[in-house]
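*Asks:* using only what follows, build the 3D model:
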Amino acid sequence: MTIPLLEYSPTTQNQRVEGFEIASPEKPRIYTTEGLPSSVEVDELIWAAYRQIFNEQQLIYHNYKNALESQLRAGQITVRDFIRSLLLSESFRRNNYEPNSNYRFVELCIQRVLGREVYGEREKLAWSIVLATQGLNGFVDQLLDTEEYLTHFGYDTVPYQRRRILPQRSQGNLPSARMPRYGEDYRQKLESLGYFPPLTPNYRWSWQRPPYPGWVRLTGRLIALSGGALLTLGTVAVALAAWGVISL
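*Replies:* Sure, this is the predicted structure:
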């Protein structure tokens with residue numbers, strides 16, 4: 001028996017408010033297969049889909065799916081099918097699903113698939129239950145079948161961050177791309193396995209290591225005082241020369 005999605009209340013976000021502003025360079029560009037796009041436009045759409053799902057941090061040739069691209073160009077699959085295949089690909093699983101907890105992975109997918117931030121901890125919990133009970137395939141299918149996704153992106157449009165910038169505000173919301181692909185817990189795990197070793201200074205002499213010997217501290221004070229005295233004398237000399245008292 002499938003567990004129904006836990007109910008959660010939406011919070012106030014930009015994308016929940018209808019806009020009437022005119023088009024501007026700051027508005028997101030919409031990539032869609034509606035209207036018989038040219039081959040160049042389809043190439044741009046495919047690149048936008050990679051950027052949206054894999055993010056700029058993972059835009060490498062290894063993650064490209066040539067067979068899926070050919071099917072999309074030939075009209076054998078929809079943009080929604082292409083997005084689904086990217087989400088279920090081995091590279092996306094390895095780089096995003098495996099390094100993260102369910103909560104963080106849910107947040108990442110909502111940002112990239114639904115084009116918005118999560119509504120709160122309860123929404124993350126709701127989708128985490130789906131991910132835990134139905135697996136990655138069931139989670140992706142249910143996310144793409146939501147009324148929210150079908151209403152805003154349908155079968156032909158690449159997801160994008162909705163209404164990031166509002167004309168009434170001097171500063172828009174931060175882009176979702178700022179979110180790293182894994183959290184602090186995974187970095188700590190990597191450190192425990194020997195990755196990211198701490199940087200240790202390479203001292204040439206023993207007196208360079210803290211705590212410093214007394215003579216080193218005394219020498220430092222003398223150098224600082226001497227430098228301050230010379231700087232003061234130089235400033236006074238320049239001032240007297242400017243007034244014509246002395247000549248330099």
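
*Asks:* alpha carbons only for contacts and neighbour counts from here, please
*Replies:* Noted.

*Asks:* okay, and the helix or strand of the protein with the least pLDDT?
*Replies:* Lowest on mean pLDDT, DSSP states H and E among the helices and strands of the chain sits helix 184-192, with a mean of 72.

*Asks:* any chance you could list what contacts it?
*Replies:* Helix 184-192 is contacted from outside by 99-100, 196-197, using Cα atoms under 8 Å, 6 or more residues apart in numbering.

*Asks:* try it again at 10 Å.
*Replies:* Applying Cα atoms under 10 Å, 6 or more residues apart in numbering, the set of residues contacting helix 184-192 from outside is 98-101, 193-198.

*Asks:* contacting residues around residue 226?
*Replies:* Residue 226 touches 220, 232, counting by Cα under 10 Å, 6+ apart.

*Asks:* tell me the first helix or strand C-terminal of the helix or strand where residue 127 lies.
*Replies:* Using DSSP states H and E, residue 127 maps to helix 121-144. As assigned by DSSP H and E, the chain's next helix or strand after helix 121-144 is helix 147-152.

*Asks:* run through the neighbouring helices and strands of the helix holding residue 127.
*Replies:* Applying 3 or more Cα pairs under 10 Å, 6 or more residues apart in numbering; DSSP states H and E, one finds that helix 121-144 contacts helix 79-87, helix 102-109, helix 147-152.

*Asks:* show me the contact partners of that helix.
*Replies:* If you take Cα under 10 Å, 6+ apart as the criterion, helix 121-144 is touched by 2-10, 80-81, 83-85, 87-88, 93, 97, 101-107, 109-110, 113-114, 118, 145, 149-150, 153-155.

*Asks:* if we can go back for a sec, following element in sequence after the least confident helix or strand of the chain, please.
*Replies:* Taking DSSP H and E, what comes next after helix 184-192 is helix 214-243.

*Asks:* list the contacts for the residue lying farthest from the centre of the chain?
*Replies:* Distance from the centre of the chain peaks at residue 245, with 62.9 Å (Cα atoms, centre = their mean). By Cα under 10 Å, 6+ apart, the contact set of residue 245 is 237, 239.

*Asks:* I'd like the distance between it and residue 79.
*Replies:* For residue 245, the distance to residue 79 equals 82 Å [Cα to Cα, to the nearest Å].

*Asks:* same question, residue 217
*Replies:* Applying Cα to Cα, the value for residue 217 to residue 79 is 68 Å.

*Asks:* neighbour count winner among those two?
*Replies:* Neighbour comparison, residue 217 and residue 79: the larger count goes to residue 79, with 24 against 11 (by other Cα atoms under 10 Å).

*Asks:* nearest residue to the more buried one other than its sequence neighbours?
*Replies:* residue 156 (4.9 Å; Cα to Cα, 6 or more residues apart in numbering).

*Asks:* still on that earlier bit, show the buried residues in the contacts of helix 184-192.
*Replies:* 99-100 (16 or more other Cα atoms under 10 Å).
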